[in-house]
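Participant: quick one, what's the 3D model for this:
(one chain, ligands or ions: 2)
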Amino acid sequence: MKYRTIGVLTSGGDAPGINPCIRAVVRMAISQGMEVIGIQEGFDGLIRGEMESLRARDVGGILQRGGTFLRTARCPEFLERKGQRQALRELNEAGIEGLIVIGGDGSMKGAHALAGWGVPVVGVPASIDNDIWGTDMSLGVDTALNTIMEAVDKLRDTASSHQRAFLVETMGRRCGYLALLVGVVCGAEVILIPEVEMPLEQVGDAVEDAYARGKTHAIIIVGEGAKFSVKEVEDHLNTREVGFETRGTILGHVPRGGSPSAFDRMLATRMGVEAVEALLKGTSDVMVGLQGREIVTIPLEQVVAQSREPNLEFYEMAKILAR
Ligand code: ADP
Ligand code: F6P
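Facilitator: Ligands and ions are numbered 1, 2, ... in the order given. Here you go, the predicted model:
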């Protein structure tokens, strides 16, 4: 398939790795003789016609930067046919013949909707949540994991010095992937995730038991979407007097920022190149994904119909090793 002009946009929650992916898309497409138009602020900017041509130099110096230099947005209008029709009009007016959408699971739904209007579209999964079906890893997950791991390591230093329990809340929307993995790599005493329900009493038992076994601290990771909030668990542990005094920390949006790790830069680069190649092969309505060591393309219809679940074997493993 021959394209003269393609567009690229970033949508939904940002994630470290999006910038190196934009760079790869732009330079790969230019190397194949295409013009690339950068659309600002996701589907919102598309509807408003906020876009400009990107040259190779325009994406210089962004490889190592977190966030997205095209900026991003959530766009409720795009959920409706009226918004999608307006987007189609803007694409036609700008002469954009194919589009690369970099974003989370919601953005993949948006990409699939546009493909339904006949626009050639390829999605690239980017979300720290790692909840996108069809890819082992989404862009930003590795960097976010490392950021959270560093924060927990630091909290453990102060926890041990004061003989305290620390509750740490991580983002993840409804997916416990980040919390679970951090729980393993930081040796957490307890991991609370949406996928596994644990009564407050049981959390108290585990922390009290850790104290009785002579631990100098206890780390409890609370994934966003878990049944109990950090405050609820903190109040329970302090009221029950489990041995450790308990403090809570909510990391909030911190893991969404920062310079992408080497893993994320490599994944972003491979996925960006593959997204352009997929368009050139005449493929549309697909997402690029990492499966094992390969970058593959998966129909968006399958991607949007399900969510990636964390591997609960890791949950059992963490429990055994928290002795
Ligand atoms: P993320 O892409 O990070 O999951 P959102 O879920 O907020 O973030 O989705 C980003 C944007 O994608 C939404 O604001 C909306 O414009 C678009 N989108 C989400 N779901 C759909 C859908 N079902 N149909 C069309 N567009 C959608
Ligand atoms: O999807 C990424 C994510 O950071 C989730 O982990 C979190 O629930 C959500 O986005 C937060 O969204 P916002 O940035 O709109 O507060």
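Participant: now for the helix or strand where Val184 lies, which elements pack on it?
Facilitator: If you go by DSSP states H and E, Val184 is part of helix 177-185. Helix 177-185 sits against helix 141-162, strand 164-170, strand 190-192, strand 218-223, helix 313-321, with contacts defined as 3 or more CB pairs under 8 Å, 6 or more residues apart in numbering; DSSP states H and E. Placement of C-beta: from N, CA and C, glycine included.
Participant: please enumerate residues in contact with the helix or strand just after the third one?
Facilitator: Sequence order places helix 200-212 as the next helix or strand after strand 190-192, per DSSP H and E. Counting by CB atoms under 8 Å, 6 or more residues apart in numbering, helix 200-212 makes contact with 165, 189-190, 192, 218, 220, 228, 232-233, 236-237, 240, 242-244, 246, 322, all of which sit outside it.
Participant: in ChimeraX, select just the buried ones from these.
Facilitator: Here is the ChimeraX command that selects the buried residues among the contacts of helix 200-212 (16 or more other CB atoms under 10 Å):
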select :165,189,190,192,218,220,228,232,233,236,237,240,242,243,244,246,322
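Participant: return the distance of the residue in the stretch 151-300 of the chain positioned nearest to ligand 2 relative to Ala268.
Facilitator: Going by CB to the nearest ligand atom, ligand 2 is nearest to Met171 of the stretch 151-300 of the chain, at 3.4 Å. Distance check for Met171 against Ala268: by CB to CB, to the nearest Å, it reads 20 Å.
Participant: of those two, who's got more company?
Facilitator: Ala268 (28 against 22; other CB atoms under 10 Å).
Participant: my read: that one touches Glu274, true?
Facilitator: No: with contact defined as CB atoms under 8 Å, Ala268 does not count as touching Glu274 (10.8 Å).
Participant: which parts of this structure sit against ligand 1?
Facilitator: 11-13, 43, 74-75, 78-79, 103-107, 109-110, 113, 127 (CB under 6 Å from any ligand atom).
Participant: ok, and of those residues, which contact ligand 2?
Facilitator: With CB under 6 Å from any ligand atom as the criterion, the residues of the chain next to ligand 1 include Gly13, Gly104, Ser127 near ligand 2.
Participant: of all those, which comes closest to Gly140?
Facilitator: Nearest to Gly140 out of these is Ser127 (CB to CB; 6.4 Å).
Participant: who's in contact with that closest one?
Facilitator: When contacts are counted by CB under 8 Å, 6+ apart, Ser127 touches Gly12, Gly13, Ala15, Gly103, Gly104, Asp105, Ser138, Leu139, Gly140, Val141.
Participant: again, but for Glu232
Facilitator: Taking CB under 8 Å, 6+ apart, we find Glu232 in contact with Leu200.
Participant: quick one, the helix or strand containing it and strand 164-170 angle?
Facilitator: Element membership for Glu232 (DSSP H and E) is helix 230-240. If you take axes from the mean of the first three to the mean of the last three CA atoms, to 10 degrees, helix 230-240 sits at 160 degrees to strand 164-170.
Participant: quick thing: my sequence starts at 55, can you match it?
Facilitator: Yes, from this point I'll number from 55; that puts the last item at helix 284-294.
Participant: compute the inter-axis angle for helix 284-294 and helix 254-266.
Facilitator: Here the directions of helix 284-294 and helix 254-266 differ by 60 degrees (the same axes, to 10 degrees).
Participant: just after helix 284-294, pick out the following helix or strand.
Facilitator: strand 299-304.
Participant: following that following strand, which helix or strand comes up?
Facilitator: Next along the chain after strand 299-304, taking DSSP H and E as the criterion, comes helix 316-334.
Participant: okay, the closest residue to Ile202 other than its chain neighbours: pLDDT?
Facilitator: Excluding the flanking residues, the one nearest Ile202 by CB to CB, 6 or more residues apart in numbering is Val236, at 4.8 Å. At Val236, the predicted lDDT confidence score is 98.
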